[in-house]
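K.L.:
Let's see this in three dimensions:
(one chain, ligands or ions: 1)
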Amino acid sequence: MSITVLGIESSCDDTSAAVIRDGILLSNVIASQSVHEEYGGVVPELASRAHQQNIVPVVASALKRAGIDKNELSAIAFTRGPGLLGSLLVGTSFAKGLSLGLRCPLVDVNHLHGHVLSHFIKHNEDDVVPEYPFLTLLVSGGNSQLILVRAYNDMEILGQTIDDAAGEAFDKCAKVMGLPYPGGPHIDRLAAEGDASRFQFAKPRIPGLDYSFSGLKTSFLYTLRDAVASDPDFVKANMADLAASLQRTIIEILMQKLEKAVKLTGVKTVAIGGGVSANSGVRQAVADFCKARGLKAFIPERAFTTDNAAMVAIAGYYKYLDGKFCRYDEVPFARLTV
Ligand code: KG4
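P.N.:
Numbering: from 1, shown residues only. Have a look, this model is predicted:
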């Protein structure tokens with residue numbers, strides 16, 4: 001018998017619903033919220049209100065695109081955390097209501113597990129998925145983590161940022177350059193035309209596998225401040241070189257610890273995930289790194305790098321197969337680790 005899972009994601013500013021049948025993606029609908037653009041960041045209260053408006057049409061559209069009726073669902077999977085509490089509450093409450101109404105099981109999903117497991121979303125039967133154990137570099141607006149994945153439900157954080165995440169470094173530096181939020185994709189675009197060796201920024205020297213991006217951010221700020229003092233048009237005139245140099249530095253920081261983690265664990269497979277894994281430079285660096293060492297690289301489709309319900313549905317699918325269901329009195333968590 002087929003297992004059909006509806007995934008619901010509402011942890012931040014994307015309302016998403018997806019349907020997965022026996023591990024194969026049937027639909028993945030994402031409604032992004034443009035309401036935050038003018039504020040330079042996500043406004044939590046506006047995010048939860050937008051989720052409330054979006055969730056019914058988004059779920060209806062995911063079912064329609066999948067060509068299934070809601071009564072065919074085997075389980076409803078939803079993001080329980082981490083994320084913005086108000087946003088999480090919308091998805092959680094909707095998932096509970098639908099699960100009760102349809103009398104089908106409810107499965108809670110850790111958003112971070114979703115990012116890690118996004119490589120298991122298949123479009124066809126013969127799509128290749130990672131073999132355990134593998135290492136994931138999870139890089140997003142809120143996380144920079146190196147995770148050893150032994151099984152769908154057995155993940156260990158080997159290292160993580162002690163201050164800013166890689167995405168924050170992109171976004172905050174982009175902000176001082178006058179770029180819109182989120183700045184990461186703009187830096188990516190500009191970097192393609194810039195000289196990456198033009199500027200040197202500080203790199204952290206912390207032991208182990210932990211990351212740090214706040215020193216880079218400060219050094220970037222000081223470079224701009226000093227340069228603008230003598231030439232007010234400095235940023236405008238050097239956009240591409242600044243972006244390329246910033247991106248190169250972030251990638252070097254990420255790759256240094258990734259290399260260390262690969263050596264320590266001896267894994268044969270490396271995957272990346274999270275919003276920053278959409279970055280062209282990061283994707284190329286990881287692909288080159290793996291190729292040079294004979295490792296298998298899993299680089300996600302861009303649609304699965306940012307928040308999406310397909311990854312929630314696949315994580316929920318594995319939990320469902322394992323009989324791990326969620327009670328109706330369970331609540332969302334703003335903070336949740338792997
Ligand atoms: O995983 P994600 O969608 O959600 C949060 O953690 O909030 O990641 C968002 C982050 C933002 O910091 C954004 O600037 C970054 O991912 N990002 C990128 C690119 N696309 C998204 N950073 C660099 N290059 C990109 N192409």
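K.L.:
got the contact list for the most centrally placed residue in the chain?
P.N.:
When Cα atoms, centre = their mean is applied to the chain, the residue found nearest the centroid is G274 (2.2 Å). By Cβ atoms under 8 Å, 6 or more residues apart in numbering, G274 lies in contact with H115, L138, V139, S140, N143, G167, T305. No exception for glycine: its C-beta is placed from N, CA and C like everyone else's.
K.L.:
Next: K64.
P.N.:
With Cβ under 8 Å, 6+ apart, K64 has these contacts: S27.
K.L.:
quick one, what contacts Y152?
P.N.:
H113, L117, F120, A315, Y318, K319, D322.
K.L.:
ditto for K257
P.N.:
So K257 contacts L146, G159, L209, D210, Y211 (Cβ under 8 Å, 6+ apart).
K.L.:
Same question for L254.
P.N.:
L137, V139, S144, A166, Y211, V282, A285.
K.L.:
all helices for the stretch 1-150 of the chain, in order.
P.N.:
44-66, 85-102, 111-117 (DSSP state H, counting those that start in this stretch).
K.L.:
who does the shortest one touch, helix- and strand-wise?
P.N.:
Helices and strands touching helix 111-117, by 3 or more Cβ pairs under 8 Å, 6 or more residues apart in numbering; DSSP states H and E, are strand 75-81, strand 134-139, strand 144-151, strand 269-273, helix 309-321.
K.L.:
Please determine how far K296 is located from V262.
P.N.:
Here the criterion is Cβ to Cβ, to the nearest Å. By it, K296 lies 12 Å from V262.
K.L.:
Looking at those two, which has the bigger crowd around it?
P.N.:
Neighbour totals were compared for K296 and V262, and V262 leads with 19 against 15 (other Cβ atoms under 10 Å).
K.L.:
Check the secondary structure at the more buried one for me.
P.N.:
Following DSSP: H, G, I helix; E, B strand; the rest coil, V262 is assigned to helix.
K.L.:
count of residues packed around I24?
P.N.:
Neighbours of I24 (other Cβ under 10 Å): 16.
K.L.:
How about the contacts made by it?
P.N.:
K122, H123, N124, E125.
K.L.:
picking that back up, quick one: which of the helices and strands packed on helix 111-117 is nearest S2?
P.N.:
S2 sits nearest to helix 309-321 of all the helices and strands packed on helix 111-117, at 11.1 Å, using Cβ to Cβ.
K.L.:
Return the distance of the closest one from the chain's centre.
P.N.:
16 Å (Cα atoms, centre = their mean, to the nearest Å).
K.L.:
Next: stretch 269-286.
P.N.:
Distance, stretch centre to chain centre, for stretch 269-286: 10 Å (Cα atoms, centre = their mean).
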